[in-house]
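*Asks:* Output the structure for:
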Amino acid sequence: MRGKPWLPSCRPSWNQIQTLTEQASELAERRKEAMADTLRQNLARVMENSQGADPDRVAQELALIAVKADITEELDRLAAHVVAARALLEQKAPVGRKLDFLMQEFNREANTLCSKSQNSDLTTIGLELKAVIDQFERTGAKMLNNEEKCNGGSPRSTLILSSPSGAGKSTLARRLMEWDTDLEFSISATTRAPRPGEEHGREYYFLSEDDFRQQVSNGQMLEHAHVFGNFYGSPAGPVREAIQSGRDVLFDVDWQGEVQIRNSELGKHALSIFILPPSIKELRRRLETRGQDSADVISKRMMKSWDEISHWGYYDYVLINDDLAATEEKLKTIVSAERMRRIQQPRLQDHVRALQYEFESMS
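*Replies:* Okay, the predicted model is just below:
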């Protein structure tokens, strides 16, 4: 939910909350003076009718009663929350979750106001505040649901795998896809010629150089790079469609692609993992035994490998692939743990709100 478009529909609720808060503050100020007079009269009566009473102890007890009944802090916080809520709704950025948290704070202060007021008029104002807040919470829930629908539900992850050629990235990516059916692989576009058995739209989108450059110019590539005489890039359209359908997206890109994705619209939920080979000697052996490239291409890939490896520090996680099965398990553990992050679990707000209502119903 972006704040500004909802401002007209929210303004009446905020005006009502502000009015009730101001009324409660005025009433509390008058009540404070009356309460002080009452306490003074009670203290005088107690001291007159009690023999041996400790005046200091009695005064302390009465002061404690006064403090417990004081709602100044609650009213100050309510006023501050109104200001904060208005500021949120002036923003053009998504504010649904911040506003949802703020409404919980409103509810808490209104509950405290009712329990501490010891005055029927203040209690009535507190109940009216709760009614307005409850109504706005229902409206806010609809806004938040709309925001999540626009974003494809839960915030989705963009999982980035990078490594020098031959470190096992493609094999690990394939195994990760087999393990997690919610992952969708981002098929790259390239200007290189198809290898035997490769199909357009399956392994790569094979484009002419002119078409590739045009897509870059039109902003249709999330990231792109020039590698070994050819262009490679990640088309933005399929990625957005996958995220809107509620799927995580797996990228197989080099360090340049990682940086570009991290700085793009998808960067907020990007998780990057770099795969290191156990040794340079083993890296060359893997390139030679897979039989995909000529000796000249293998030499170029080896020359390029250190450039890739030297950027390992850009990544969130780094794994040494000295045992494919063990590295695969570590990769799965990382992905599982990242999905447990609070920001990846938008329904937690609903659960905490339900716990709050349950707790309040017990009192």
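
*Asks:* any idea whether Ala24 is helix, strand or coil?
*Replies:* Assigned state for Ala24: helix (three-state reduction, DSSP: H, G, I helix; E, B strand; the rest coil).

*Asks:* Correct me if wrong: it contacts Gly126.
*Replies:* Yes - counting by Cβ atoms under 8 Å, Ala24 touches Gly126, with 7.4 Å between them. From N, CA and C alone the C-beta is placed, and that goes for glycine too.

*Asks:* Need the residues touching each of the two.
*Replies:* Each of Leu113 lies in contact with both Ala24 and Gly126 under the rule Cβ atoms under 8 Å, 6 or more residues apart in numbering.

*Asks:* So those two - more neighbours on which side?
*Replies:* Remark: of Ala24 and Gly126, Ala24 carries more neighbours, 27 against 24, as counted by other Cβ atoms under 10 Å.

*Asks:* need the contact list for the nearest residue to the more buried one once chain neighbours are set aside.
*Replies:* Leaving aside its chain neighbours, Ala24 sits nearest to Ile125 (4.7 Å; criterion: Cβ to Cβ, 6 or more residues apart in numbering). Listed by Cβ under 8 Å, 6+ apart, the contact set of Ile125 reads 20, 23-24, 27, 113.

*Asks:* Of those, which is the nearest to Ser208?
*Replies:* Taking Cβ to Cβ as the measure, Ser208 sits nearest to Leu20 out of the contacts of Ile125, at 66.2 Å.

*Asks:* same question for the helix or strand containing that closest one, mean pLDDT?
*Replies:* With the criterion set as DSSP states H and E, the secondary-structure element containing Leu20 is helix 3-49. Here the mean pLDDT over helix 3-49 is 71, rounded to a whole number.

*Asks:* Please apply the same query to stretch 329-341.
*Replies:* Per-residue pLDDT values across stretch 329-341 average out to 91.

*Asks:* Any idea how far stretch 259-268 is from the middle of the chain?
*Replies:* Using Cα atoms, centre = their mean, to the nearest Å, the distance from the centre of stretch 259-268 to the centre of the chain it belongs to is 15 Å.

*Asks:* should've said stretch 229-247
*Replies:* Here stretch 229-247 is found 21 Å from its chain centre; the criterion is Cα atoms, centre = their mean.
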